[in-house]
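K.L.:
My questions concern the predicted model and sequence given below.
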2 protein chains.
Amino acid sequence: MGRPATLSRSGIIAAAEVLVRDHGVAALTARRLGNALGCDPTALYRHFTTMSDLEREVGDRFLRAVDVRALDGDDWRTTIRRICLKLRRVQVRQPRLAALVSAAPTRLANEMRITEALLRELDRGGFSGDQAATAYHALIELTVGSAAIDAPLATQPADTRRRTYSDWRREYTELSPAESPASVAVAPHLYLGSADTRFEAALDLLLDGISAQQRIQ
Amino acid sequence: MGRPATLSRSGIIAAAEVLVRDHGVAALTARRLGNALGCDPTALYRHFTTMSDLEREVGDRFLRAVDVRALDGDDWRTTIRRICLKLRRVQVRQPRLAALVSAAPTRLANEMRITEALLRELDRGGFSGDQAATAYHALIELTVGSAAIDAPLATQPADTRRRTYSDWRREYTELSPAESPASVAVAPHLYLGSADTRFEAALDLLLDGISAQQRIQ
DNA sequence: GATCATTTGTCAACAGTGTTGACAAATTGC
DNA sequence: GCAATTTGTCAACACTGTTGACAAATGATC
């Protein structure tokens, strides 16, 4: 009963998703979203208690794109690697949204789906419940955490990004060799390639560590 | 020449540090800081071009607390471990500030100091420049990234935190065993202990992976 | 010593944010 | 028909960062 609703939770989330996709997450404000929906901004508060409630839901919505199926012939490590890379790719595209999602697990549908897949693969790898939980936490912290770090720069165009990285590298090169010998020595290797390749390398190191547990028992 | 300055960059930063320490990072606004300094909020813009400039500087200020010296007899791995744990501890205490610092390297004094120490230890461990850079990136992404994730909850009192974790664990336990078998099976091991111990375990796994590189050449 | 440029702080104002509380419209149950 | 309930609208509050005009206070120059 009551006045018939013209708005709905899912409709609002869908509109919010479009807004974020087209104009970035900074555009996700009550007034802009109300405008897009043709309703008063405060009408949103009838369906979400607070704006970050809505953001949480939109954040999970973006995780739909993460395909967690294991491909034929792929072992646990290959599959986990692919899921983490994909998860990162999605998170990195939505800077501040990623920060919001990562602030606390949303424990909404898509996040649960990804968790299940990761734990499934760890089980397939023969890890104990305890080992699997530890490995899962480590993978999530690295993947989501590094996405939160890299997201801001990821919104910039590719050449701006490259220039930024080479600027940083140069800064380390030009440090005083007396005070910062190690930085100066390693500088040519810092911030080479893309943030994605650096994450890939980090993920491989972590997976090496996790694999080693497998044999230890 | 010109009108004599009653404010200074360092004085403003110091006041901002106190403000953040006493009332949390949310209190770091132009008006509140101006109030604390007994000046007009817009006077700050004579010393910082923008508020996030100021935040960047305050963020680096907090990193002073990270002691990077190697203790006698400690090998590279032990020292790196201690630095990362300490870095995390500082970052976690300042939720949103950590997010700001991690958004882009501040490349200010204290951050450079920590970088130098990590690279120094990796050199001591016999890693090549390329290996050291990769390991450094991985360590920073895990440490700073996971701090950004865990920071929001870290501000809550300990028993609230414990309750939150056990709530999450229960949520995974109560999933449908048909749809989410792996989650249900591993649930009793999820979110056990503190976020700090989970990070420690993740760091150890990563360090295992990094150590393995040492022997590969 | 007066004048001038320059620096620095003050003030009012703008455009934006989330959110609340009173009010009106539109439905269902009695 | 009346009451209860839901839902959207509207005005308003308390904030936010930031800008541009203005005034005060200095050192340098004529």
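P.N.:
Happy to help now that I have it.

K.L.:
List the residues that contact A:Arg77.
P.N.:
Contacts for A:Arg77 (C-beta atoms under 8 Å, 6 or more residues apart in numbering or on different chains) come out as A:Gly125, A:Leu207, A:Ser211. C-betas here are computed from N, CA, C, even on glycine.

K.L.:
Kindly recompute the last result at 6 Å.
P.N.:
Residues counted as contacts of A:Arg77 (C-beta atoms under 6 Å, 6 or more residues apart in numbering or on different chains) are A:Leu207.

K.L.:
which parts of the helix or strand containing it are buried?
P.N.:
Taking DSSP states H and E as the criterion, A:Arg77 maps to helix A:76-93. Residues A:76-77, A:79-84, A:86-88, A:90-93 are the ones in helix A:76-93 that count as buried (16 or more other C-beta atoms under 10 Å in any protein chain shown).

K.L.:
same question, stretch A:175-188
P.N.:
A:Leu175, A:Ser180, A:Ala182, A:Ser183, A:Val184, A:Ala185, A:Val186, A:Ala187.

K.L.:
Quick one: end-to-end distance for it.
P.N.:
Start-to-end span of stretch A:175-188 (C-alpha to C-alpha, to the nearest Å) is 12 Å.

K.L.:
so does it get close to chain B?
P.N.:
Yes. Using C-beta under 6 Å from any C-beta of the partner chain, stretch A:175-188 reaches chain B at A:Ser180, A:Ala182, A:Ser183, A:Val186.

K.L.:
how about the residues of chain A near DNA strand D?
P.N.:
Contact residues (C-beta under 7 Å from any atom of the strand) of chain A with DNA strand D: A:1-7, A:34, A:39-40, A:42-43, A:46-47.

K.L.:
which ones are touching A:Ala30?
P.N.:
Contacts of A:Ala30 by C-beta under 6 Å, 6+ apart are A:Pro41, A:Leu44.

K.L.:
Can you name the residue of chain A nearest DNA strand C?
P.N.:
A:Met1 (2.8 Å; C-beta to the nearest atom of the strand).

K.L.:
So for that residue, what pLDDT did the model give?
P.N.:
Note for A:Met1: predicted pLDDT of 76.

K.L.:
can you check A:Thr106 too?
P.N.:
66.

K.L.:
next one: A:Thr155
P.N.:
72.

K.L.:
what sits against the residue of chain A found nearest chain B?
P.N.:
Nearest to chain B, among the residues of chain A, is A:Gly145, at 2.0 Å (C-beta to the nearest C-beta). Contact partners of A:Gly145, counting by C-beta under 6 Å, 6+ apart, are B:Gly145, B:Ser146, B:Ala148, B:Ile149.

K.L.:
Roughly how far does it sit from B:Tyr165?
P.N.:
18 Å (C-beta to C-beta, to the nearest Å).

K.L.:
got it, and A:Asp204?
P.N.:
Taking C-beta to C-beta, one finds A:Asp204 at 29 Å from B:Tyr165.

K.L.:
residues contacting the spatially closest residue to A:Ala27 that is not a sequence neighbour?
P.N.:
Counting by C-beta to C-beta, 6 or more residues apart in numbering or on different chains, A:Ala27 lies nearest to A:Leu19, which is 5.4 Å off, once chain neighbours are set aside. Contact partners of A:Leu19, counting by C-beta under 6 Å, 6+ apart, are A:Ala27, A:Leu28, A:Ala36.

K.L.:
One more: A:Ile140?
P.N.:
Going by C-beta under 6 Å, 6+ apart, the list of residues near A:Ile140 is empty.

K.L.:
Mind telling me what element it is part of?
P.N.:
helix A:129-154.

K.L.:
got the buried residues of stretch A:175-188 as JSON lines, with distance to A:Ala154 columns?
P.N.:
Below are these laid out as JSON lines (distance: C-beta to C-beta, whole Å):
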{"residue": "A:Leu175", "distance to A:Ala154": "27"}
{"residue": "A:Ser180", "distance to A:Ala154": "28"}
{"residue": "A:Ala182", "distance to A:Ala154": "28"}
{"residue": "A:Ser183", "distance to A:Ala154": "25"}
{"residue": "A:Val184", "distance to A:Ala154": "28"}
{"residue": "A:Ala185", "distance to A:Ala154": "29"}
{"residue": "A:Val186", "distance to A:Ala154": "24"}
{"residue": "A:Ala187", "distance to A:Ala154": "23"}
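
K.L.:
can you redo those as TSV with secondary structure and pLDDT?
P.N.:
TSV is the format used below for those (DSSP: H, G, I helix; E, B strand; the rest coil; pLDDT from 0 to 100):
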residue	secondary structure	pLDDT
A:Leu175	coil	94
A:Ser180	coil	96
A:Ala182	helix	98
A:Ser183	helix	97
A:Val184	helix	97
A:Ala185	helix	97
A:Val186	helix	97
A:Ala187	helix	97
